[in-house]
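> following is a predicted model, sequence given first.
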Amino acid sequence: MTALYEITNLSKRFTVGSRFSRQGKRVVQAVDGVSLSIQPGETLGLVGESGCGKSTLGRCLSRLYEISDGKLVFDGTDISTLSTAQMRPLRRKMQMVFQDPYASLNPRRRVFDLIAEPLRIHLSLPDAEVKSRVAGLLEQVGLLPDHAQRYPHEFSGGQRQRIGIARAIALEPKLVILDEPVSALDVSVQAQIVNLLADLQERLKLTYVFVAHDLSVVRQVSTRIAVMYLGSIVEIGDADSIFDRPSHPYTQALISAVPKPVNSEGRKRIILTGDVPSPINPPSGCRFHPRCPVAQDKCRVDRPTLTVANGRTAACHFPII
Amino acid sequence: MTKPENVSRGPWATALNRLSHDRTALVALAVFVLIVVACLSAPIYAHLAGVDPFKSTLDATITIDGVQKPVMEVPTTGLALGYTPIGPTWRLGTYFLGADNQGRDVMARLLYGGMNSILIAGAATLFTLVFATVFGLLAGFFGGVVDMVISRILDVLWAFPVYLLAISLSIVLLTQGISIGPWTIDSSSLMLPIFIIGVIYIPYVARPVRGQVMSLRQSDFVMAAIGLGAPSGRILWKDILPNVSTTLIVFIPIMMALNMLTESALSFLSIGVQPPDASWGTIIQDGQGLLYTRPAVALAPGFMIVISVLSLNVFGDGLRDALDPRSKIKLGRG
């Protein structure tokens, strides 16, 4: 099976400050040498704490950000260096859903125009066809045809996210990058949206990249999970093994933080000390070593790469499994 | 009263509704509309009164209550030098506000002058807004070199004190007129003050527009539009411009008021509207010499300027509250 999206050594650096500020220009390494391959039909969960670069990675994958380094091959096309204009035709096959459903919909356009936008940009359809397609899309995401003539401010967060999803699937893309699609929503609504996404995936044979910080949601939706720390992937594997038998100490700490019912078999909560180091000045060697409970001298010097050991892929000198 | 379930109120309708409940703003708007209507009916007034507001009539006479009086009276007291124009008769049609130093009907000139003042202020506002919008959109959206070039040009304009720039431009243009290719603009044309006033205020509007566009450029919905593959022109037109438009609309009355003041000032300094044409500024200038004998000549246009500017500013405040309750649009360099 060939990969839908092959990411090799992707890096994204932001420059902050100016030459004239006290610290001068500084470089934030938001995404640092990420390699991934996304298979058609899967849902790849991207998890990590705030500021680990998962959203940046999502936006690099959709080429909303220019990438600093690396190679992106999407559906057989090298898109790493395409200009915004050259990217346009490819957008049909790759869509994005944003975290904040309040900010991602233009408040001055009606729902109909919002959902019809991708159709109008990419396909020149007669008005009647656009109309019926929009009605169909509204129905697919669980909204009423009446809603088309309303403005975004008249909807709840969950409904707005449905509008965002309808817009993203309008062109029946191959890949949908979901940037924390449910984290701005109430828990009860989260479940509805997650179910909707699962339905749509099955019906339209979609591939998802699901960026999230909520581990229980990620476990529910993902077939594979990549755990990020300070811009790099520290562990990647299928959802169950990541959750049941984490290999990287960071993954283990992260998983142990998921709240569980009181009487479930007790696993000890691993409390990490210290803060996430600054990506402006990352630690030497393994980025995780200052907080790692099992770090040794080697970790302070040598940076581990993602390697396969015992059927597990983790970037650690001393994997747990 | 019940609202039908599926009738939806867009942002514009909401704003209009809010405005329709703002009595102060509506009264201010009514006052300004009244002034505009009155000024636009200047030719009708002149026709009915049978006066020519642009022709000196030093030897005319009028009959009031059966008594015939000269329009230009020879004073009988003091040094008895020169003439004193007739004072206000308070009779519509016959020197309601008296005559000016050339025996012209001040009321008729006031209305004609108002027409010019409003026309210049309105056209200059349009000029400013169109160019400021284009510059602001391009600079804010494309950034980089485009922004650099546009912003520096605006900075140069901005660096001059407004009146100094206006006066310098006026003096240069009024002595020569402009001829660009086949078009020649005569130095007495109203196009000149419109152009001058329009140009000097472009940075004052373009700056805030650029700032707003820059922040919209980073907003999620613009990111989403890029993600959908929308071309830049479409994003500017469909996503950015509609969200900047409230700012632009709020600027209309504010700029109108500001332009009226600027126009009056320039005309008062004889570098705006050129005689025999009138504007409120030129009438004040005419009245300057008659300030002690016939104060109405200067006071009437002054009063009109104050009322117009006040009503525009009050309406502008209401409009801003209605359209953009959270915005903090202010003019000036702050």
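Okay, I see it.
> when you work out contacts or count neighbours from here on, use the C-alpha atoms and nothing else.
OK.
> measure A:G70 to A:L82 for me?
With distances taken as C-alpha to C-alpha, to the nearest Å, A:G70 is found 13 Å from A:L82.
> those two: who's more crowded?
Counted by other C-alpha atoms under 10 Å in any protein chain shown, A:G70 and A:L82 do not tie: A:G70 has more neighbours, with 17 against 13.
> would you say the more buried one is within a helix?
No. Under the criterion used here (DSSP: H, G, I helix; E, B strand; the rest coil), A:G70 is strand, not part of a helix.
> may I see the buried residues of the host helix or strand of B:F303?
Secondary structure from DSSP states H and E places B:F303 in helix B:296-323. Neighbour-count burial for helix B:296-323 flags B:296-302, B:304-305, B:307-323 (criterion: 16 or more other C-alpha atoms under 10 Å in any protein chain shown).
> excluding its backbone neighbours, what's nearest the residue in chain A that chain B sits nearest to?
Ranked by C-alpha to the nearest C-alpha, the top residue of chain A for proximity to chain B is A:S104, at 4.0 Å. Closest residue to A:S104 apart from its sequence neighbours, by C-alpha to C-alpha, 6 or more residues apart in numbering or on different chains: B:F221 at 4.0 Å.
> same question for B:D324.
For B:D324, ignoring the flanking residues on the chain, the nearest one in space by C-alpha to C-alpha, 6+ apart is B:T246 at 6.8 Å.
> helix, strand or coil: sort out B:T57 for me.
Using three-state DSSP, the structure places B:T57 in coil.
> which residues lie in contact with the closest residue to it other than its chain neighbours in this structure?
Leaving aside its sequence neighbours, B:T57 sits nearest to B:G103 (C-alpha to C-alpha, 6+ apart; 5.0 Å). Counting by C-alpha atoms under 8 Å, 6 or more residues apart in numbering or on different chains, B:G103 makes contact with B:S56, B:T57, B:L58, B:A60, B:V71, B:M72, B:P85, B:I86.
> okay, A:R224: pLDDT?
pLDDT for A:R224: 93.
> ok so, going back, how far off centre is the helix or strand that the residue nearest to B:D324 is a member of?
Assigned by DSSP H and E, B:T246 belongs to helix B:241-268. Distance of helix B:241-268 from its chain centroid, counting by C-alpha atoms, centre = their mean, to the nearest Å, is 7 Å.
> buried residues in it?
Under the neighbour-count criterion of 16+ other C-alpha under 10 Å, helix B:241-268 has B:241-244, B:246-248, B:250-268 buried.
> after the helix or strand of chain A with the lowest mean pLDDT, which helix or strand is next?
None of the helices or strands of chain A scores lower by mean pLDDT, DSSP states H and E than strand A:307-309, at a mean of 84. For strand A:307-309, the following helix or strand on the C-terminal side (DSSP H and E) is strand A:312-314.
> off-centre distance for stretch A:166-174?
Worked out by C-alpha atoms, centre = their mean, stretch A:166-174 lies 17 Å from the chain centre.
> hey, C-alpha coordinates of stretch A:314-321 in PDB?
Coordinates of each C-alpha in stretch A:314-321 appear next as PDB, following Å, rounded to 0.1, in the frame of the first residue of the first chain:
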ATOM      1  CA  ALA A 314      10.100   5.300  19.800                       C
ATOM      2  CA  ALA A 315      12.900   7.900  20.000                       C
ATOM      3  CA  CYS A 316      14.500   6.800  23.300                       C
ATOM      4  CA  HIS A 317      17.800   5.300  24.300                       C
ATOM      5  CA  PHE A 318      16.100   3.300  27.100                       C
ATOM      6  CA  PRO A 319      12.600   2.400  25.900                       C
ATOM      7  CA  ILE A 320      10.400   0.900  28.500                       C
ATOM      8  CA  ILE A 321       9.300  -1.900  26.200                       C
END
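> counting contacts, what elements does the helix holding B:T246 pack onto?
Contact here means 3 or more C-alpha pairs under 8 Å, 6 or more residues apart in numbering or on different chains; DSSP states H and E; on that basis helix B:241-268 packs against helix B:106-142, helix B:162-176, helix B:191-200, helix B:202-217, helix B:280-288, helix B:296-323.
> out of these, nearest to A:P304?
Across the helices and strands packed on helix B:241-268, A:P304 has its closest neighbour in helix B:202-217 (38.8 Å, C-alpha to C-alpha).
> tell me the angle the next helix or strand after that closest one makes with helix B:202-217.
Under the assignment DSSP H and E, the closest C-terminal helix or strand after helix B:202-217 is helix B:220-228. For helix B:220-228 against helix B:202-217, the angle by axes from the mean of the first three to the mean of the last three C-alpha atoms, to 10 degrees is 70 degrees.
> and helix B:220-228, how far from the chain's centre?
In terms of C-alpha atoms, centre = their mean, the centre of helix B:220-228 is found 39 Å from the chain centre.
> still on that earlier bit, contact partners for the residue of chain A closest to chain B?
A:S104 touches A:F98, A:G164, B:S219, B:D220, B:F221, B:V222, B:M223, B:A224, counting by C-alpha under 8 Å, 6+ apart.
> just the buried subset of those residues, please.
Buried by 16+ other C-alpha under 10 Å: A:F98, A:G164, B:D220, B:F221, B:V222, B:M223, B:A224, out of these.
> what sits against the fifth one?
What it means is B:V222. Taking C-alpha under 8 Å, 6+ apart, one finds A:S104, A:N106, B:L216, B:I235, B:D239, B:I240 in contact with B:V222.
> helices along the stretch 101-250 of chain A, start to end?
For the stretch 101-250 of chain A, applying DSSP state H, counting those that start in this stretch gives helices covering A:111-122, A:127-140, A:157-169, A:187-204, A:215-221, A:239-244, A:249-256.
> got these as TSV, with mean pLDDT columns?
Shown next, in TSV, are these (pLDDT from 0 to 100):
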stretch	mean pLDDT
helix A:111-122	94
helix A:127-140	93
helix A:157-169	94
helix A:187-204	92
helix A:215-221	88
helix A:239-244	88
helix A:249-256	88
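> residues of the stretch 51-200 of chain B that sit close to chain A?
By the rule C-alpha under 8 Å from any C-alpha of the partner chain, no part of the stretch 51-200 of chain B lies against chain A.
> residue ranges with poor pLDDT in the stretch 51-200 of chain B?
Residues of the stretch 51-200 of chain B meeting the criterion pLDDT under 70: B:75-82, B:177.
> before we move on, back to that, how about CSV for the buried ones among the contacts of A:S104, with distance to B:G50 added?
Listed next are these as CSV, based on distance: C-alpha to C-alpha, whole Å:
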residue, distance to B:G50
A:F98, 70
A:G164, 68
B:D220, 64
B:F221, 62
B:V222, 61
B:M223, 65
B:A224, 65
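> for the residues you listed, which one is nearest A:V34?
Using C-alpha to C-alpha, the buried ones among the contacts of A:S104 come closest to A:V34 at A:F98, 21.6 Å.
> count of neighbours near the closest residue to the closest one other than its chain neighbours?
Leaving aside its sequence neighbours, A:F98 sits nearest to A:D179 (C-alpha to C-alpha, 6+ apart; 5.1 Å). Residues near A:D179, counting by other C-alpha under 10 Å, number 23.
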